[in-house]
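Enquirer: Give me a 3D structure for the following:
(2 chains)
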Amino acid sequence: MTVPSNGPAKSAPRPPVPPAPAAPPVVKRHHWVVRLTHWATFLLLLGMIASGLQIYGAYARFGDRGGPSYLNPFDDLAFPKWSRLGGWLAGALNWHFTLMWPFMATGALYLCYLVASGEWRSLLFRPRDIRGAIEMQKYYLRLRKDHPPQGKHNPLQKLAYTFILLLGMLSVLTGFAIYKPTQFSWLTTLFGGFQAARYWHFWAVWIFVGFLIVHVMLVFVVDPASLRAMLSGWYRGRFPSHD
Amino acid sequence: MIDDHDGPPAGVDRRGFLQLGVAGGLASLVAACGWDGGNAVRPLLLDASRVNDWVGEKILFSRHRLARQYDIRERSTMLPSYFISREMPLLQDPATWRLVVAGLVRNPLSLTLEDLRAMPRATYTVKHHCVEGWSAIATWHGVPVSAVVERCQPLPAARYIRFDSFDSGYANGWDMASAMHPQTILAYAMNDNPLPAAHGAPLRLYSPTKLGYKMTKYLVSMTFTTERPLGYWEEQGYPWFGGV
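Expert: Numbers count the residues shown, from 1 in each chain, chains lettered A, B, ... in the order given. Next up, the predicted model:
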């Protein structure tokens, strides 16, 4: 085994050092499937959003022609060039309809992993988590001093991760509803029609973006070690007990 | 801190590798900002688009699934129209116009507008889907392509139909199944009136199972082929099948 530069070399004479503070235990946190699908989803979602913003520019509003438009602060807006992928409508459509396959496959692989590993129990928010979510919220609002006991994720995290999974599914379903509104007319009708489905498909983007910003912020503010854990699988930080 | 415990494998190399991978991914993303796909990627995207054409044609499309029809009171007050010529294509002499049905057929045809009006008539009020994302409802009246097919008797080798226009060479290729869909028509009227010049007078292809750009306006001929015909927008990268 190689000796990392930050560790003491065993053969070298050891100068007296003050006793190091107890190192946090190292725990295995993320299976390779989770890490692979996490980063793949991140990259694919950026590609889907960027090509989607290019597609949006071709008709930047919602509602049947000659009829009322849906409330939309981005009416007739062209998003900045750096945020778009594909160059023009056809290019962006081809990107969007190519990336959708690995995007859905990645999501399916992750869902299979959740079920097969049983990890869904520690990740999905269930009615039994409601009580814990309230306690956790109290803790964050300083209405409660001690951190409530939790498993791998606290109930509010479960809520967030369950929500984002559902949002991913909503994106895929609204996507199909506007990709083939005649062949999947039942789906298009379910979302309130073609223009309504476009509208929800578009709004899912901003919820994803909002989630991404908060998600990254929490990683760096609360627990930077979790970023390394999502890369290597091993967690070496402040909250090893949560596993 | 002791690093040679049994737990994680020597982290540094692997971790460094992973970090490099993520950094590389992010860097290429930044480089991709505002990118059009580039010459290296475009062929791959077009290959994927052909896969999607196949999925659209062979798996998602059904000859028996009809598009929803609307009440005429739901018609949109406007429906944009496009042509690629600099000025709106108009016939010099409408009386001499014919629809030429040729290619791999037993009975080549040359049909006048009166001939077409005398054939079985289909009328429906449906939603038009543009590839740009807009939609509008209108009523279309015409003769089902299947009725023309019945008359011209395509040979077994005919697998596609190429629709040609007098709009600066605008054309489209259709698979036979899409063309034989009961709602695929050659429309000579729109919203109870003769087809306006802006919408492809005297005759245009229409189907609520296709995106707008697949429905050739200003028709002059339909030709049955074994080879898959390309089209004006399809050649520039738009999906060939264009089904909705």
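Enquirer: Please make it C-alpha for all contacts and neighbour counts, starting now.
Expert: Will do.
Enquirer: give the contact list for residue B:183.
Expert: For residue B:183, the contact set (Cα atoms under 8 Å, 6 or more residues apart in numbering or on different chains) comprises B:66-67, B:122, B:144, B:207-209.
Enquirer: actually residue B:178, sorry about that
Expert: Residue B:178 is in contact with B:63, B:184, counting by Cα under 8 Å, 6+ apart.
Enquirer: That one should be in a helix, yeah?
Expert: Yes: assessed with DSSP: H, G, I helix; E, B strand; the rest coil, residue B:178 lies in a helix.
Enquirer: what's the pLDDT at residue A:17?
Expert: Note on residue A:17: pLDDT of 64.
Enquirer: actually residue B:38, sorry about that
Expert: 72.
Enquirer: swap in residue B:31?
Expert: According to the prediction, residue B:31 has pLDDT 59.
Enquirer: next helix or strand past the lowest-mean-pLDDT helix or strand in chain B?
Expert: For chain B, the helix or strand with the lowest mean confidence is helix B:11-32, at a mean of 62 (criterion: mean pLDDT, DSSP states H and E). Scanning forward in sequence from helix B:11-32 by DSSP states H and E, the next helix or strand is helix B:38-54.
Enquirer: pull the CA atoms of that following helix into PDB?
Expert: Extracted in PDB, the C-alpha atoms of helix B:38-54 (Å, rounded to 0.1, in the frame of the first residue of the first chain):
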ATOM      1  CA  GLY B  38     -19.600  20.600 -34.200                       C
ATOM      2  CA  ASN B  39     -18.800  18.500 -37.200                       C
ATOM      3  CA  ALA B  40     -17.500  15.600 -35.100                       C
ATOM      4  CA  VAL B  41     -20.800  15.200 -33.200                       C
ATOM      5  CA  ARG B  42     -23.300  16.000 -35.800                       C
ATOM      6  CA  PRO B  43     -23.200  12.600 -37.600                       C
ATOM      7  CA  LEU B  44     -23.700  10.900 -34.300                       C
ATOM      8  CA  LEU B  45     -26.700  13.000 -33.600                       C
ATOM      9  CA  LEU B  46     -28.100  12.300 -37.000                       C
ATOM     10  CA  ASP B  47     -27.600   8.600 -36.400                       C
ATOM     11  CA  ALA B  48     -29.500   8.900 -33.200                       C
ATOM     12  CA  SER B  49     -32.200  10.800 -35.000                       C
ATOM     13  CA  ARG B  50     -32.600   7.900 -37.400                       C
ATOM     14  CA  VAL B  51     -33.000   5.600 -34.400                       C
ATOM     15  CA  ASN B  52     -35.800   7.900 -33.200                       C
ATOM     16  CA  ASP B  53     -37.400   7.800 -36.700                       C
ATOM     17  CA  TRP B  54     -37.400   4.000 -36.400                       C
END
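Enquirer: who touches the longest strand along chain B?
Expert: For chain B, the strand that runs over the most residues, judged by DSSP state E, is strand B:135-144. Strand B:135-144 is contacted by residues A:63-66, A:194-195, B:70, B:72, B:74-76, B:78-79, B:116-117, B:119-129, B:182-192, B:206 when judged by Cα under 8 Å, 6+ apart.
Enquirer: Mark which of those are part of strands, please.
Expert: B:122-129, B:185-190, B:206.
Enquirer: Can you sort out which of those residues also neighbour chain A?
Expert: Among these, proximity to chain A is found for none (Cα under 8 Å from any Cα of the partner chain).
Enquirer: Of these, grab the buried ones for ChimeraX.
Expert: Of these, the buried ones can be selected in ChimeraX as follows, counting by 16 or more other Cα atoms under 10 Å in any protein chain shown:
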select /B:122,123,124,125,126,127,128,129,185,186,187,188,189,190,206
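Enquirer: can you list the weak-confidence ranges in the chain?
Expert: Looking at chain A here, since you left the chain open. Scanning chain A with the threshold set as pLDDT under 70 gives A:1-22, A:243.
Enquirer: Let me rephrase: I mean chain B.
Expert: B:1-34, B:36-37.
Enquirer: For the longest strand of chain B, which strands pair with it and how are they oriented?
Expert: Here strand B:135-144 is paired, per DSSP bridges, with strand B:122-129 (antiparallel), strand B:185-190 (antiparallel).
Enquirer: Residue B:100 belongs to a helix?
Expert: No: according to three-state DSSP, residue B:100 belongs to no helix; its state is strand.
Enquirer: That one - how many residues pack around it?
Expert: By other Cα atoms under 10 Å in any protein chain shown, 17 other residues sit near residue B:100.
Enquirer: And it, how far from residue B:142?
Expert: Using Cα to Cα, to the nearest Å, residue B:100 is found at 16 Å from residue B:142.
Enquirer: With residue B:46 instead?
Expert: Counting by Cα to Cα, the gap from residue B:46 to residue B:142 is 34 Å.
Enquirer: Compare neighbour counts for those two and give me the winner.
Expert: Applying other Cα under 10 Å to residue B:46 and residue B:142 shows that residue B:142 carries more neighbours, namely 26 against 19.
Enquirer: Who is the more buried one paired with across the strands?
Expert: Beta-bridge partners of residue B:142, as defined by DSSP bridges: residue B:122, residue B:187.
Enquirer: Now do it against chain A, distance only.
Expert: Distance of residue B:142 to chain A, computed by Cα to the nearest Cα, to the nearest Å: 20 Å.
Enquirer: where exactly do the strands run in chain A?
Expert: Using DSSP E, the strands of chain A run over residues A:27-28, A:234-235.
Enquirer: List the pairing partners of the first one within its sheet, with orientation.
Expert: So that's strand A:27-28. Strands that pair with strand A:27-28, judged by DSSP bridges, come out as strand A:234-235 (antiparallel).
Enquirer: Tell me which residues are up against the strand it pairs with.
Expert: A:26-30, A:225-226, A:228-229, B:8.
Enquirer: now swap in stretch B:198-206 and tell me
Expert: B:81-83, B:88, B:90, B:113, B:140, B:184-188, B:194-196, B:215-219.
Enquirer: if we can go back for a sec, sort out which of the contacts of strand A:234-235 are buried, if you could.
Expert: A:27, A:29-30, A:225-226, A:228-229.
Enquirer: check contacts around residue A:228.
Expert: Counting by Cα under 8 Å, 6+ apart, residue A:228 touches A:234-235.
Enquirer: no no, residue A:76
Expert: By Cα under 8 Å, 6+ apart, the neighbours of residue A:76 are A:57, A:59-61.
Enquirer: how near is it to residue B:113?
Expert: In terms of Cα to Cα, residue A:76 sits 41 Å off from residue B:113.
Enquirer: Just to check, residue A:103 is in contact with residue A:41?
Expert: Yes: Residue A:103 is within contact range of residue A:41, at 6.4 Å (criterion: Cα atoms under 8 Å).
Enquirer: which one is residue B:105 nearest to, not counting chain neighbours?
Expert: Of all residues not flanking residue B:105 in the chain, residue B:154 sits nearest, at 4.0 Å (Cα to Cα, 6 or more residues apart in numbering or on different chains).
Enquirer: Give me the neighbour count for the one you found.
Expert: Using other Cα under 10 Å, residue B:154 has 21 other residues around it.
Enquirer: just residue B:237 next, same as before
Expert: Residue B:237 has 19 neighbouring residues, counting by other Cα under 10 Å.
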